[in-house]
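Novice: Pasted the sequence and its predicted model underneath.
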Amino acid sequence: MEYHFIRQEISGDRVLFVLSLDKKSGKERILIGSETAIIKRLWNDPNAMVYYDEIHPIGTLFINKRPGGTDWTDSGFMPLWEALHTSRWKQPDLEQAAADFCSNMYQSGDPFAIYTAIRLWDGYLRAREPRDRERAAELFKIDLMGLISPLEKYLPEQLLDSSITDTIRQSGDEMKMDVWYPARTGIECVIAYRSFLPVIMYYHARLADWSLYFRTCKVCGRVFLAKSQKYTMCSDKCHQKMKTQAKRDFDARAIENEYDHIYKNEAQRWVHYIRRMEKSADCSSECVSEVRLAYEDFKKEAKIRKNAVRSGQSTVA
């Protein structure tokens, strides 16, 4: 269901971010929508209209790239905050700037961004209603800053780290979280409204209970969820690629070592030959000097050849 970032009638139902994790299937399900619509959707009502309802492998919520970054305050919140404190003639341009940003975040497909964009715009519409606009604006700020803060404060790679929960406990942010066990389903669902931080803590706690860990593949660099911290590759394909590269490196070292062996033997012959000439009464100093110069030429040529072998431009043979 689309959400239109325009002045519109305010819904009496609050918009929720609902997460459920299924260990057996290894799936996560995220729903975004009004409380009534989400309950109906959990009861498998096809007519329930929600903004987001997706099922992905566990870990997808954190693994995917996070859009928005530090722009949430500057491009999303501040134009709406200024619109609440300026004349009605300036409001349309400010609203349009925030609407464009929120629309882009909504279209990103990231559930964190989708929910924040909706709540940001919905909060602005609600702040416009009361006569005491100043107090409403302050409540709007308090409400939305708790939601935006995690998106700006924590980088995606930080959200992957379970130790972030220690920082969160000391942050003093709003930590309220509801837990549902909807009738007919028996599925545990956690609900975020004021902040994503409790959901992040809950997610990491469940992964720890199930002995699952976020890891970074040493081959392709992709983040994946593993059953042990010993895993370093995300798939059989990357494992095979690592084996192939290891064999290439081994072969390259073997070729280089073989050439080193040949070079050392040949260099030793030159050294012995020069020593015999120096001890021989039949060899003049000029002859020895010429042989030494030839030996230096040999070393220069050998160095060039060694670099060619190392780079694969030549072979030992």
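Specialist: Yep, it's here.
Novice: for the stretch 151-300 of the chain, what spans make up the helices?
Specialist: Remark: helices assigned in the stretch 151-300 of the chain by DSSP state H, counting those that start in this stretch are 156-159, 164-169, 197-209, 236-279, 285-310.
Novice: lowest-pLDDT helix or strand in this protein?
Specialist: Lowest on mean pLDDT, DSSP states H and E among the helices and strands of the chain sits helix 164-169, with a mean of 64.
Novice: got the domain boundaries for this structure?
Specialist: Domains of the chain are assigned by automatic domain parsing as 15-226, 237-310.
Novice: for these, which one sits closest to Q8?
Specialist: Nearest to Q8 among those is domain 15-226; the distance by CB to CB comes to 7.0 Å. C-beta coordinates here come from the backbone N, C-alpha and C atoms, glycine included.
Novice: How far does that closest one stretch from one end to the other?
Specialist: 33 Å (CA to CA, to the nearest Å).
Novice: Packed most tightly, which of the domains of the chain would that be?
Specialist: Most buried of these, by mean neighbour count (mean count of other CB atoms under 10 Å): domain 15-226, with a mean of 17.
Novice: what sits against A281?
Specialist: Counting by CB atoms under 8 Å, 6 or more residues apart in numbering, A281 touches no other residue.
Novice: Adding distance to F5, write the helices of the stretch 151-300 of the chain out as a markdown table.
Specialist: A markdown table is the format used below for the helices of the stretch 151-300 of the chain (distance: least, CB to CB, whole Å):
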| stretch | distance to F5 |
| --- | --- |
| helix 156-159 | 25 |
| helix 164-169 | 30 |
| helix 197-209 | 24 |
| helix 236-279 | 41 |
| helix 285-310 | 59 |
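Novice: for the ones you listed, which one sits closest to T73?
Specialist: Nearest to T73, of all those, is helix 197-209, at 16.9 Å by CB to CB.
Novice: From the contact counts, what lies against that closest one?
Specialist: Applying 3 or more CB pairs under 8 Å, 6 or more residues apart in numbering; DSSP states H and E, one finds that helix 197-209 makes contact with strand 15-22, helix 164-169, strand 189-192.
Novice: The first one to helix 197-209, inter-axis angle?
Specialist: This points to strand 15-22. Between strand 15-22 and helix 197-209, the angle comes out at 0 degrees (axes from the mean of the first three to the mean of the last three CA atoms, to 10 degrees).
Novice: who's in contact with strand 15-22?
Specialist: Under CB under 8 Å, 6+ apart, the answer for strand 15-22 is 27-35, 38, 51, 58, 61, 111, 115, 118-119, 122, 180, 187-193, 196, 199, 202-203, 206.
Novice: if you set the cut-off to 6 Å instead, what comes out?
Specialist: Applying CB atoms under 6 Å, 6 or more residues apart in numbering, the external contacts of strand 15-22 come out as 28-32, 35, 38, 115, 118, 187, 189-192, 199, 206.
Novice: Paired strands for that strand, with orientation please.
Specialist: Within its sheet, strand 15-22 is paired with strand 27-34 (antiparallel), strand 189-192 (antiparallel), according to DSSP bridges.
Novice: quick one: which of these has the weakest pLDDT on average?
Specialist: Among those, strand 189-192 carries the lowest mean pLDDT, a mean of 89.
Novice: rewinding a little: and which of the contacts of strand 15-22 is nearest S87?
Specialist: Nearest to S87, judged by CB to CB, of those is I118 at 26.9 Å.
Novice: Tell me the pLDDT of the closest one.
Specialist: Per-residue confidence for I118 comes out at a pLDDT of 95.
Novice: and it, what helix or strand is that in?
Specialist: For I118, the element it lies in under DSSP states H and E is helix 111-127.
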